[in-house]
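Colleague: Just a sequence and a predicted model for now, questions to come.
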Amino acid sequence: MTKRYPGGIAAVDALDLRVPTGQVLGFLGPNGAGKTTTMRMLVGLVRPTSGRIRVLGQPPGSPRELARVGALIESPAFYPHLSGVDNLRLAARYAGIPDSAADRALSEVDLTDRGRSPFRTYSLGMKQRLGVAAALLKEPSLLILDEPTNGLDPAGVSEMRELLRTLGRDGRTVLLSSHVLGEVEQVCDRIAVINHGRLVADGSPDELRAALGDGALLIAADPVDRAVACLRDQAGVHDVQVTDGRLRVSTDPALAATLNRRLVEAGVDVRELRPVRHSLEEAFLELTAPDRTEADDADPARTEPERPTTMTGSSR
């Protein structure tokens, strides 16, 4: 799907994305990448300029779709003079579900103790949790959450992370947008990275890290100078750097056993030897780097016709 605004600005550019049922998908990208526009299109708040969208098999914004979708997009909006529980009960009545759903949702996000306080007295983190509670009212098959941990303190982030894990285990499909990469790494089964409205990567956290190439070993050995001399003489070793007493060796990690044996034979004591594991942050920065975007713009493959976009799922 594509969304262009007046002036030809493409907020979303030929995005093709499928989300299988029961997965927690992390939807990542820099500010202005098109994440929120995509989420708004999925619930019918914004119409795509071109392309096709199906959410749980239904067109976005249709009553059959919205009955099975819970969404928190951008900042939650509630009546400031009403309590948290009354705001949720009002939303429940609009959705045609019992008032008791409000109490259940408040409990899920750990807001029961403040449920009768006016919304205007809530902190930013509490407002976010109430927004998630509203998204959970209908016990939806699909949750679309835009920065649900915004404003939460470390304890609140941990609680939200556990809630998202629980939702994933319950068989719900969750589309999660977040800038907290550690949270995404711990919660999500799969990650889609969008940049300048385009999908630039889609895979598990391990697959995204592996795309950087795990061509290095980290070695702690004594004496360091003898270890460096030994390693630089070995076939398959491209570079050896010493940082804080440890050696970073540019080589195929499959050579770890061979290099360990050579070091021991050279009279070097090896205290640690392990592959360098790239972080999700490194993968994200590489995927959204300006020079990569410029290369994509020059890629003739980017001129292919737009393909339909589908979010798939099924009820539990």
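Modeller: On my side now, so go ahead.
Colleague: How about Gly44: what's its closest non-neighbour residue?
Modeller: Closest residue to Gly44 apart from its sequence neighbours, by Cβ to Cβ, 6 or more residues apart in numbering: Gly61 at 1.9 Å. C-beta: built from backbone N, CA, C; applies to glycine.
Colleague: Wait, the one you found touches Met41, no?
Modeller: No. Taking contacts as Cβ atoms under 8 Å, Gly61 lies outside contact range of Met41: 9.3 Å.
Colleague: which SSE is Ala283 in?
Modeller: helix 280-287 (DSSP states H and E).
Colleague: Can you list the buried residues in that helix?
Modeller: Neighbour-count burial for helix 280-287, counted by 16 or more other Cβ atoms under 10 Å, picks out Leu280, Ala283, Phe284, Glu286, Leu287.
Colleague: average pLDDT across it?
Modeller: Per-region confidence: helix 280-287 scores 80 on mean pLDDT.
Colleague: do stretch 205-219 as well
Modeller: Mean pLDDT, stretch 205-219: 77.
Colleague: Equivalent analysis for stretch 46-57, please.
Modeller: So the average pLDDT for stretch 46-57 ends up being 93.
Colleague: What residues sit buried inside it?
Modeller: Neighbour counts using 16+ other Cβ under 10 Å place Val46, Pro48, Gly51, Ile53, Arg54, Val55, Leu56 of stretch 46-57 among the buried residues.
Colleague: okay if I get the buried residues of helix 280-287 as TSV plus distance to Met160?
Modeller: Shown next, in TSV, are the buried residues of helix 280-287 (distance: Cβ to Cβ, whole Å):
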residue	distance to Met160
Leu280	18
Ala283	23
Phe284	20
Glu286	27
Leu287	25
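Colleague: hmm, back to that, between Gly61 and Met41, who's got more neighbours?
Modeller: Higher neighbour count among Gly61 and Met41: Met41, with 25 against 17, using other Cβ atoms under 10 Å.
Colleague: three-state assignment of that one?
Modeller: Under DSSP: H, G, I helix; E, B strand; the rest coil, the three-state class of Met41 is helix.
Colleague: follow-up on the earlier one: quick check, the residue nearest to Gly44 in a strand?
Modeller: No. Assigned with three-state DSSP, Gly61 falls outside any strand and is coil.
Colleague: residues in contact with it?
Modeller: For Gly61, the contact set (Cβ atoms under 8 Å, 6 or more residues apart in numbering) comprises Val43, Gly44, Leu45.
Colleague: okay if I get these as TSV plus distance to Val249 and neighbour count?
Modeller: Output for the contacts of Gly61, formatted as TSV (distance: Cβ to Cβ, whole Å; neighbours: other Cβ atoms under 10 Å):
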residue	distance to Val249	neighbour count
Val43	50	18
Gly44	53	17
Leu45	51	14
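Colleague: For Tyr94, state which of those is nearest.
Modeller: Sorting those by how near they are to Tyr94, with Cβ to Cβ, puts Val43 at the top with 15.1 Å.
Colleague: That closest one against Gly70, yeah?
Modeller: No. Counting by Cβ under 8 Å, Val43 sits too far from Gly70 to count as a contact (9.8 Å).
Colleague: what touches both of the two?
Modeller: Residues touching both Val43 and Gly70 by Cβ under 8 Å, 6+ apart: Ile144.
Colleague: and stretch 194-212, C-alpha only, in PDB?
Modeller: Extracted C-alpha coordinates of stretch 194-212, given in PDB (Å, rounded to 0.1, in the frame of the first residue of the first chain):
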ATOM      1  CA  ILE A 194      10.400   0.600   7.900                       C
ATOM      2  CA  ASN A 195      12.300   3.700   6.700                       C
ATOM      3  CA  HIS A 196      11.100   6.500   4.500                       C
ATOM      4  CA  GLY A 197       7.800   4.600   4.200                       C
ATOM      5  CA  ARG A 198       9.500   1.500   2.800                       C
ATOM      6  CA  LEU A 199      10.000  -1.900   4.400                       C
ATOM      7  CA  VAL A 200      13.700  -2.500   4.600                       C
ATOM      8  CA  ALA A 201      13.800  -5.600   6.800                       C
ATOM      9  CA  ASP A 202      11.500  -8.300   8.000                       C
ATOM     10  CA  GLY A 203      12.600 -11.300  10.200                       C
ATOM     11  CA  SER A 204      13.300 -12.600  13.700                       C
ATOM     12  CA  PRO A 205      15.600 -10.500  16.000                       C
ATOM     13  CA  ASP A 206      18.300 -13.200  15.400                       C
ATOM     14  CA  GLU A 207      17.900 -12.900  11.600                       C
ATOM     15  CA  LEU A 208      18.200  -9.100  11.700                       C
ATOM     16  CA  ARG A 209      21.400  -9.300  13.800                       C
ATOM     17  CA  ALA A 210      22.800 -12.100  11.600                       C
ATOM     18  CA  ALA A 211      22.400  -9.800   8.600                       C
ATOM     19  CA  LEU A 212      25.200  -7.700   9.800                       C
END
